[in-house]
Structure formats: structure tokens, C-alpha cells
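*Asks:* quick one, fold the following:
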Amino acid sequence: MVKKRKLTDKQERFCKEYIVDFNATQAAKRAKYKGNNHDIIGNQQLGKALVQQRIQQLTKKTEKKLEISAERTLQEMANLAYSNFYEILDKISKKEKLTEWEQKVISERTVTKSAAGGSIKYKAHSKEKGLEMLGRYFTMFKDKLEIEGRMTFMDWVSKNHNK
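*Replies:* Coordinates of the predicted model:
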């Protein structure tokens, strides 16, 4: 009979703490591991297969609960990237109802009142950030140079020795 391995109570707590902020050091502290080497303990825990499996389970459970998906995230990024804030402001000035995604474009609304009247200022989420995030998702930009090939140390020495 094969005995099924199980997480300890402390490992389970570590996993639950880890998915709060994905910081292994802080998760080890909050899980009450003893000592001052929480960075080492956190990394050791992340290296264990059972801990990794449990973190994946908890993460998937959270994603499902919050209805987080790649499709929904992409849609939100696209809404920010392709929104026209001036059209939204125009609709507001005409007292027209905003769609749900138009409402999400607005990041801040400030009302100022004075004896002479008042004003309302609107601020939008960053269109550039939405475009940048979409570009990164679709790998439109290269953050690093990728080089493929093989060269042994001796090849490098013989090639660079005569320079």
C-alpha cells in the first residue's frame, strides 16, 4: 500500500499566505516559521512538489472565485487601450448613460464646490499602459535580445586569442 504524502499544517499555512502576495519570505514569516532565515525557508518550501501543487490548487480556486481569466484580462486591457476619453466626456456632458466599460475607463472623479458654482474633474486610466500591456501580451516588443547557437569555450578562445 502506497502512503499518500500530505502537507504539514505549517506548509498549508505557508501556501495560503504565499498566494496573498506571492512573496515566499513574507509567507514564511506569516506562517510562523522560526528563526531569521525566512528567505531560505520560503525558497525551500517553494522547491517542494507538494507545496507547488497546493499553491496551484489555491491559485486556481481564487481565479475561479474571482472569475479571473486571460480572456477577461485581455478584454479589460483592450477597453483601456482603445477607449476614447473625449467621447466619454462628451457623453457625460450630454448626461447620457455610460456603458460599463466606459465607466471603467474613468479612474477618478473630483467634485469642487464654491460660492461661484463648482466643477467636476475626470481622470482616465492610462491608455498608454493598456496599449503597452497588450503589446507585451502579443509580443510586439522585445525586452531582451535572444541569441541561439553553440560555441565551446575552446572555440571562443581560438577565435579571440589572436585579437
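*Asks:* could you list the domains of the protein?
*Replies:* Domain ranges of the chain: 9-66, 84-137, per automatic domain parsing.
*Asks:* among those domains, which is the most enclosed?
*Replies:* Across the domains of the chain, the average number of neighbours (mean count of other CB atoms under 10 Å) peaks for domain 9-66, which reaches a mean of 15. Every residue, glycine included, has its C-beta placed from N, CA and C.
*Asks:* now residue 152: how far from residue 160?
*Replies:* Between residue 152 and residue 160 the computed distance is 13 Å (CB to CB, to the nearest Å).
*Asks:* which other helices and strands does the helix or strand containing residue 11 contact?
*Replies:* Element membership for residue 11 (DSSP states H and E) is helix 9-21. If contacts are counted by 3 or more CB pairs under 8 Å, 6 or more residues apart in numbering; DSSP states H and E, helix 9-21 sits against helix 24-30, helix 38-46, helix 49-66.
*Asks:* select, out of those helices, the one closest to residue 141.
*Replies:* For residue 141, the closest of the helices and strands packed on helix 9-21 is helix 49-66, at 26.4 Å, according to CB to CB.
*Asks:* quick check: mean pLDDT of the closest one?
*Replies:* Helix 49-66 carries an average pLDDT of 91.
*Asks:* now that helix: how far from the chain's centre is it?
*Replies:* The chain centre lies 16 Å from the centre of helix 49-66; the measure is CA atoms, centre = their mean, to the nearest Å.
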